[in-house]
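J.: only the shape, not the letters, is given here:
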Ligand code: NOJ
């Protein structure tokens, strides 16, 4: 990794990884949907931003019932995004620009349009084709009730009845039938898919819903259930990921798991040296803007990773989460899916100030950092008109929860162009908010006070600040309302959450601040600073 102090094969230990939600990144062919041509045209922007890798949310053939997390064919790119040859070109061009590629694999389920599922439907009850999924008879006198009492992660019943009377399990939307991971063909197919993409030059794989994949074959009711959870964090998963790790090792590839688990010890098991390299840090992501809670989240994170020798990841946002400036401008600054609601007020100026400080905080912590597209532009959550919402989460919540489209709105690239330069010549798949042009990348490139300028400068400095890649974190203060820590002997990060300005420790240079210091050189509220000692 250019500028980093780590050996090239350790790049992922302190990388900055930019998440591309392809559909909304840049539209290269003007049809209203972002695509690979769009990404290729913006590689110079990504190189200038200074990221080490791109994580692409699923780009495979998909009916888009869940934004591509309903995969119909893992070896084909969705025609709305491009084709396989173009994906290969993109991977190679990015690599030339010094940027690695991470793809997204969704082992828990496929699309109901996947050949396996279509064959299972056609083959009928008792067929070997159905064994690849979880088909069961229903309960009740006529099998009219779902086979158990589980709930879909998107709300509602996770079972759908097919014409011949059997039900199939889908922990997410109806169009996402869960695979049966007790079946050797399911394991084999995913191992082949991993090889397919590693052979095409990808450097890593993000594993969707990684802790939900294995199921207790009895699919028991949750009510009154004793013993291991029937589908969360089952021990069988570790075997699966050990096999995956062996494949990744052949190619020097890495994994990042989407592992939402409250139990730190159980979480860390996925990060043992022969399993996944990294997992997303949802403790940090969900944490309110509060110094004591953040400090605890940081300490807990470092403590849980240490025994297995895995680096932490620091994540503020992704394609499922309320945008950071909106979240931090609300009264409740934490994140929980269950708390998503319409019409929650947010002070965007305050949220932006905090998001700037949070950027410097996360980029100063030991480990890798994930940056979701548009966060570097300080985009707020968009209010998507109800008749344009596409997210199944909204529909499955009986239209009570806004879902996730508000953080998936197309990016504004150029202020004076149609659709803020997203590239479309027709109405994009989700509307751009009216004020998006004022947040466009081209304007921010010219404004030294912009969020984009802050991210660029922070990433530029981070590349050459050796301590950020190699030195452990050491707290320097217990003062309430202040996070103050060193990385090595010469670098300090401070974040002030308290009303009164904070005195800075002795230093030789102010390297970067998220907002200006006050006239006396003190650190104002909701401001972060990097200092050289
Ligand atoms: C987690 C992904 O981040 C989310 O977008 C998706 O809907 C679910 N997994 C189901 O694949």
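T.: That came through, no problem. These figures come from a predicted structure and were not determined experimentally.
J.: for the spatially most central residue of the chain, give me its contacts.
T.: Among the residues of the chain, residue 318 comes closest to the average C-alpha position under CA atoms, centre = their mean, at 4.2 Å. The contact partners of residue 318, by CB atoms under 8 Å, 6 or more residues apart in numbering, come to 19, 280, 285, 370, 372, 407. Using the backbone N, CA and C atoms, a C-beta is placed for each residue, glycine as well.
J.: could you list the low-pLDDT ranges of the protein?
T.: By pLDDT under 70, the weakly predicted segments of the chain are 1-7.
J.: re the thing from before, now do the SS call for the residue nearest to the centre of the chain.
T.: The three-state label for residue 318, taken from DSSP: H, G, I helix; E, B strand; the rest coil, comes out as coil.
J.: now the helices: where do they sit in the stretch 301-450 of the chain?
T.: 324-328, 348-364, 392-396, 441-445 (DSSP state H, counting those that start in this stretch).
J.: dump those to TSV, plus distance to the ligand and mean neighbour count.
T.: Compiled in TSV, the helices of the stretch 301-450 of the chain are given as follows (distance: least, CB to the nearest ligand atom, whole Å; neighbours: other CB atoms under 10 Å):
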stretch	distance to the ligand	mean neighbour count
helix 324-328	17	27
helix 348-364	19	23
helix 392-396	7	21
helix 441-445	24	19
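J.: residues contacting the closest residue to residue 156 other than its chain neighbours?
T.: With sequence-adjacent residues excluded and distances taken as CB to CB, 6 or more residues apart in numbering, residue 156 is closest to residue 396, at 4.9 Å. Going by CB under 8 Å, 6+ apart, residue 396 touches 152, 154, 155, 156, 173.
J.: ok, the closest residue to the ligand within the stretch 351-500 of the chain to residue 394 distance?
T.: Going by CB to the nearest ligand atom, the ligand is nearest to residue 404 of the stretch 351-500 of the chain, at 6.8 Å. When distances are taken as CB to CB, to the nearest Å, residue 404 and residue 394 turn out to be 8 Å apart.
J.: again with residue 367
T.: Here residue 367 is placed at a distance of 33 Å from residue 394 (CB to CB).
J.: what of residue 185?
T.: Using CB to CB, which is the criterion applied here, residue 185 is 34 Å from residue 394.
J.: what's the burial count for the nearest residue to residue 505 once chain neighbours are set aside?
T.: Computed as CB to CB, 6+ apart, the closest residue to residue 505 that is not its neighbour in sequence is residue 492, at 6.2 Å. Applying other CB atoms under 10 Å, we find 24 other residues in the vicinity of residue 492.
J.: OK, contacts around residue 492?
T.: 476, 484, 485, 486, 505, 507, 530, 531, 533.
J.: using the three-state scheme, assign the second one.
T.: Right, the one you point to is residue 484. Of the three states, residue 484 takes strand according to three-state DSSP.
J.: with the fifth one instead?
T.: Classification of residue 505 using three-state DSSP returns coil.
J.: tell me the contacts of it?
T.: 476, 484, 492, 494, 531, 533.
J.: what subset of those is buried?
T.: With neighbours counted using 16 or more other CB atoms under 10 Å, the contacts of residue 505 contain these buried positions: 484, 492, 494, 531.
J.: ok, residue 57 touching residue 20?
T.: Yes - contact criterion CB atoms under 8 Å: residue 57 and residue 20 qualify, at 7.0 Å.
J.: flag every buried residue along stretch 69-76.
T.: Judged by neighbour count using 16+ other CB under 10 Å, the buried positions of stretch 69-76 are 69, 70, 71, 72, 74.
J.: what of stretch 241-260?
T.: Buried residues in stretch 241-260, defined by neighbour count with 16+ other CB under 10 Å: 241, 244-245, 247-248, 251, 253-260.
J.: which residues touch that stretch?
T.: Around stretch 241-260, the neighbours that count as contacts under CB under 8 Å, 6+ apart are 9, 12, 17, 55, 102, 187, 190-191, 194-195, 198-199, 202-211, 267, 270, 274-280, 282, 313.
J.: just these: which are in strands?
T.: In strands, judged by DSSP state E, the following of the contacts of stretch 241-260 are found: 17, 55, 102, 204, 205, 206, 207, 278, 279, 313.
J.: so which bits of this structure are right by the ligand?
T.: Within the chain, the positions adjacent to the ligand are 66, 69, 106, 172, 208, 209, 258, 319, 320 by CB under 6 Å from any ligand atom.
J.: ok, the residue nearest to the centre of the chain to residue 166 distance?
T.: Applying CB to CB, the value for residue 318 to residue 166 is 35 Å.
J.: just residue 72 next, same as before
T.: Plainly put, residue 72 is 22 Å away from residue 166 if you go by CB to CB.
J.: just the buried positions in stretch 512-532, please.
T.: By neighbour count with 16+ other CB under 10 Å, stretch 512-532 contains the buried residues 512-515, 517, 523-531.
J.: related to what we said a few turns ago, pull the number of nearby residues for the residue of the stretch 351-500 of the chain closest to the ligand.
T.: Residue 404 sits with 24 neighbouring residues when counted by other CB under 10 Å.
J.: now residue 12
T.: Residue 12: 25 surrounding residues under other CB under 10 Å.
J.: am I right that it is in contact with residue 278?
T.: Yes - in terms of CB under 8 Å, residue 12 counts as a neighbour of residue 278; the distance is 6.6 Å.
J.: check contacts around whichever residue of the chain sits closest to the ligand.
T.: Residue nearest to the ligand within the chain: residue 69 (3.3 Å; CB to the nearest ligand atom). Residues counted as contacts of residue 69 (CB under 8 Å, 6+ apart) are 57, 58, 62, 106, 172, 176, 208.
J.: export those as CSV, with columns for secondary structure and neighbour count.
T.: Compiled in CSV, the contacts of residue 69 are given as follows (DSSP: H, G, I helix; E, B strand; the rest coil; neighbours: other CB atoms under 10 Å):
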residue, secondary structure, neighbour count
57, coil, 25
58, coil, 26
62, coil, 26
106, coil, 28
172, coil, 25
176, coil, 29
208, coil, 20
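J.: farthest from the middle of this protein: give me that residue.
T.: With distances taken as CA atoms, centre = their mean, the residue sitting farthest from the centre of the chain turns out to be residue 141, at 43.7 Å.
J.: neighbours of the spatially closest residue to residue 421 that is not a sequence neighbour, just the number please.
T.: Excluding its sequence neighbours, the residue lying closest to residue 421 (CB to CB, 6+ apart) is residue 414, at 2.8 Å. Residue neighbour count, defined by other CB under 10 Å, stands at 16 for residue 414.
J.: likewise the one 3 residues further on?
T.: Here the neighbour count serves as a burial measure; for residue 417 (other CB under 10 Å) it reads 15.
J.: now it: phi and psi?
T.: phi -100, psi 160 (degrees, to the nearest 10).
J.: on that earlier part again, of the contacts of residue 318, which belong to strands?
T.: Cross-referencing those with the strands (criterion: DSSP E) gives 19, 370, 372 as the overlap.
J.: list the contacts of the last one.
T.: Residues touching residue 372, when contacts are defined by CB under 8 Å, 6+ apart, comprise 18, 19, 21, 316, 317, 318, 319, 321, 407.
J.: the fourth one contacts residue 326, correct?
T.: To tie it back to what came earlier, the one meant is residue 316. No - in this structure, residue 316 is not within contact of residue 326 by CB under 8 Å, at 11.8 Å.
J.: which stretches of the stretch 51-200 of the chain form strands?
T.: Ranges of strands in the stretch 51-200 of the chain, per DSSP state E, counting those that start in this stretch, are 53-56, 60-61, 73-77, 100-105, 135-136, 159-161, 167-169.
J.: Serialize the ones you listed to a markdown table and add fields for distance to residue 118.
T.: Formatted as a markdown table, the entries for the strands of the stretch 51-200 of the chain read as follows, by distance: least, CB to CB, whole Å:
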| stretch | distance to residue 118 |
| --- | --- |
| strand 53-56 | 26 |
| strand 60-61 | 13 |
| strand 73-77 | 12 |
| strand 100-105 | 21 |
| strand 135-136 | 14 |
| strand 159-161 | 15 |
| strand 167-169 | 12 |
